[in-house]
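J.: predicted model, plus sequence, below.
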Amino acid sequence: MKILSKHFGELEIQEEHVITFPKGLIGLENNRRYVLIEFEENSMVYWLQSIEDPDLCFIVTNPYTFKPDYVLDVYEDDLKLIEMEDERDVMVLVILNVSLDTKKITANLLGPLVINTKKNLGVQAVSKVSEYTTRYDITNKE
C-alpha cells in the first residue's frame, strides 16, 4: 500500500507492517495506524509515521539503549488492549523530543509505546513508576 509522509514523500509499505493503536496515542486518539521506518540502517532510532496523517511523525527509540534500568510497569488494561500473551512478543519504545534551539534530546519515559509485535497492536501506556517524566534528558547519556 502507498502512504504519504511530509518527511519522506510517497512510501510503499506492506500492510503487515502497520501497527494499530486501538486507542490512538495520548491526545491523538483519531490517528490509530502507524508504521515504523528505520532512521538509518542498524539504528536504534525509528520514525513512527501515521498512515492517516502525513504530517504526523515521531522519532522513537528503545528506552533501554540509554536507560538500562528502565522498568516497564504499566496498567494491566493496557496490556489486555494489545492482547499480550508472551512478553517476548513486546517491543517497548519511547517518543523522543529534539530541541533544535538547545540541541537537547528528551524522552517520554512516562508514556511508553508498548507494541505486541506478533499481532501488530500497540498502546501508549502510562507508567506506574512515579519518578519517570515526559522530558527525561538523554542528551549526554547515549
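T.: Structure received.
J.: quick one: what helix or strand has the closest residue to residue 17 other than its chain neighbours in it?
T.: What sits nearest to residue 17 in space, not counting adjacent residues and going by Cβ to Cβ, 6 or more residues apart in numbering, is residue 35, at 5.5 Å. Quick note: C-beta positions are derived from backbone N, CA and C, even for glycine. Element membership for residue 35, per DSSP states H and E: strand 33-38.
J.: contacting residues around residue 28?
T.: residue 56 (Cβ atoms under 8 Å, 6 or more residues apart in numbering).
J.: next, give phi and psi for it.
T.: phi -130, psi 50 (degrees, to the nearest 10).
J.: again, but for residue 64
T.: In terms of degrees, to the nearest 10, the main-chain angles of residue 64 are phi -70, psi -10.
J.: residue 121 now?
T.: The phi/psi pair for residue 121 (degrees, to the nearest 10) is phi -120, psi 140.
J.: check contacts around it.
T.: Neighbours of residue 121 in contact, by Cβ under 8 Å, 6+ apart: 19-22, 81-83, 115.
J.: in helices only, show me these.
T.: Judged by DSSP state H, the contacts of residue 121 include residue 81 as members of helices.
J.: only the buried subset of the contacts of residue 121, as a ChimeraX command please.
T.: Per 16 or more other Cβ atoms under 10 Å, the buried members of the contacts of residue 121 correspond to this ChimeraX selection:
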select :19,20,21,81,82,115
